[in-house]
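Participant: 3D, please:
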Amino acid sequence: MTTKSIEIQQVGFVSFTTSERSRRIRLSIKSDGEIVVSIPSSTPYRDAIRFVESKADWILKQKAKIQSRTTLFTPESCFKTRFHQLAITKGNTDKVYNRVGNGIIQVFIPDRINHEQPKIQDFIKNTLVDVMRWEAKVYLPKRLKELADKHGFKYQNVSIKNASTRWGSCSAVNNINLNLHLMRVPEHLIDYVLLHELVHTVVKNHGEKFWLLLEQCYPDARKADKEMNSFRTQTF
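Facilitator: Residues are numbered from 1 along each chain as shown. Take a look at the predicted model:
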């Protein structure tokens, strides 16, 4: 299985993956807007590129839908991380500020200020990222070690990243990177991502051996993989 990224003028970068298991060209758009094309190993890239170009209008419409789903945080918003819940309060204050503690991410906004302003939304999002980064550093390395010890995997270092496209990655020398946004997905999916990367310490591709080993550790792996598509890696 080989993956190649090609920029196509109408739609931007597209990830083309050749696979012996593919019987036809298949196009999909991930929840973060990434365009992915699976092609049979016998299909020339030029044919796959023409196929993508013929679907340009559909791709742009789908990407616009994804972009329009960007979260707007309001006092009524219900946003939870692994250990905290967001609470936005508008009131008699002269500045925008936050306070984190006792399981609450409290954001205070003056009554006179419209909370939909981009700078206010950015303040809220940056606050959430800071909290999730702290949570991720506390929770993810410990849980990764628990799962590695349980299933007999070995890895080198673990890092927490604010990645835009990946939930996790494993390097050639078995250093594991994990996305801090894992702190807003359900616990069983966090375990799925951690085990996914631990399996990559043994199998470096997504072939049949990879899935067989992953399913030994996580029996509903393929179901969890599909479930992860309902979450976006970064854009709220």
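Participant: Pull the number of nearby residues for residue 124.
Facilitator: A total of 24 residues lie near residue 124 under the criterion other CB atoms under 10 Å. (Glycine included, C-beta is placed from N, CA and C.)
Participant: quick one, what contacts it?
Facilitator: 73, 86, 88, 107 (CB atoms under 8 Å, 6 or more residues apart in numbering).
Participant: Confirm that it sits in a strand.
Facilitator: No. Going by DSSP: H, G, I helix; E, B strand; the rest coil, the assignment for residue 124 is helix, not a strand.
Participant: and it, how far is that from residue 86?
Facilitator: According to CB to CB, to the nearest Å, residue 124 and residue 86 sit 8 Å apart.
Participant: Could you name every residue contacting both of the two?
Facilitator: Both residue 124 and residue 86 are in contact with 73, 107, where contact means CB under 8 Å, 6+ apart.
Participant: quick one on the thing from earlier: could you tell me which of the contacts of residue 124 belong to strands?
Facilitator: Among these, the residues falling in strands (DSSP state E) are 86, 88, 107.
Participant: Now list the buried members of those.
Facilitator: Buried members of the ones in strands among the contacts of residue 124, scored by 16 or more other CB atoms under 10 Å, are 86, 88, 107.
Participant: beta partners for the last one?
Facilitator: Beta bridges link residue 107 to residue 88, residue 98, judged by DSSP bridges.
Participant: That one contacts residue 125, doesn't it?
Facilitator: No. Assessed by CB atoms under 8 Å, residue 107 is found out of contact with residue 125, at 10.5 Å.
Participant: and the gap between the residue lying farthest from the centre of the chain and residue 110?
Facilitator: Distance to the chain centre peaks in the chain at residue 92, reaching 37.2 Å (criterion: CA atoms, centre = their mean). According to CB to CB, residue 92 and residue 110 sit 8 Å apart.
Participant: what is in contact with the two at once?
Facilitator: With CB under 8 Å, 6+ apart as the test, residue 92 and residue 110 reach no residue in common.
Participant: Distance from the helix or strand of the chain with the lowest mean pLDDT to the middle of the chain?
Facilitator: Least confident helix or strand, the chain: helix 56-68 with a mean of 82, by mean pLDDT, DSSP states H and E. In terms of CA atoms, centre = their mean, to the nearest Å, the centre of helix 56-68 is set 19 Å apart from its chain centre.
Participant: residues of it that come out buried?
Facilitator: So for helix 56-68, counting by 16+ other CB under 10 Å, buried means 59, 62-63, 66.
Participant: Using CSV, please lay out those residues together with distance to residue 44.
Facilitator: Below are the buried residues of helix 56-68 laid out as CSV (distance: CB to CB, whole Å):
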residue, distance to residue 44
59, 21
62, 25
63, 26
66, 29
